[in-house]
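**Q** Need a 3D model of the sequence below.
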Amino acid sequence: MKIAVTFENGMVFPHFGHTAQFKVYDSEDGKVTNTQVVSTEGSGHGALAGLLSSLEVDTLICGGIGGGAQAALAEAGIQLYGGVSGGADEAVIALLTGKLEYNPDVRCEHHGHHEEGHSCGEDKRGCAGNGGECH
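**A** Numbering: from 1, shown residues only. Predicted structure coming up:
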């Protein structure tokens, strides 16, 4: 399994489409065998699924994520675990041990009207933490 996590300063970055980096984990037999941090090189929402596919990622852990990005990931065959916050390494270990807490219905609907103070997925207030409803 090859797992990517939206990544910033050791933590799961709260919004898929705005992440500057992914931490990519190779795993085998339920253990992490290698990691690398990969820049998105300024790629936005639409291009990120393609970037993950080119890295041969089959699983993504992230905070908030919009419906278009979810569709692109599904089309690329990438399993999504959204609505996750906290440490990236800890999230991957939790996934590998079957203990990851995630929101299968996470959905950001705020695209196009970012307002000051919006925190999609951050501190469990935005998309990641309340059933997918951003506010």
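
**Q** Low-confidence bits of the protein, can you list those?
**A** Counting by pLDDT under 70, the ranges of the chain that qualify are 44-46, 109-135.

**Q** Show me the strands in it, by range?
**A** Remark: strands assigned in the chain by DSSP state E are 2-8, 11-12, 21-28, 31-39, 59-61, 79-81.

**Q** Let me have these in a markdown table, extended by mean neighbour count and distance to Asp105.
**A** Where C-beta positions appear, they are placed from N, C-alpha and C, glycine not excepted. Formatted as a markdown table, those follow (neighbours: other CB atoms under 10 Å; distance: least, CB to CB, whole Å):
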| stretch | mean neighbour count | distance to Asp105 |
| --- | --- | --- |
| strand 2-8 | 23 | 18 |
| strand 11-12 | 23 | 18 |
| strand 21-28 | 19 | 23 |
| strand 31-39 | 12 | 28 |
| strand 59-61 | 24 | 16 |
| strand 79-81 | 18 | 11 |
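
**Q** I'd like those strands laid out as a markdown table, including distance to Gly68.
**A** Converted to a markdown table, the strands of the chain look like this (distance: least, CB to CB, whole Å):
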| stretch | distance to Gly68 |
| --- | --- |
| strand 2-8 | 16 |
| strand 11-12 | 20 |
| strand 21-28 | 18 |
| strand 31-39 | 22 |
| strand 59-61 | 14 |
| strand 79-81 | 13 |
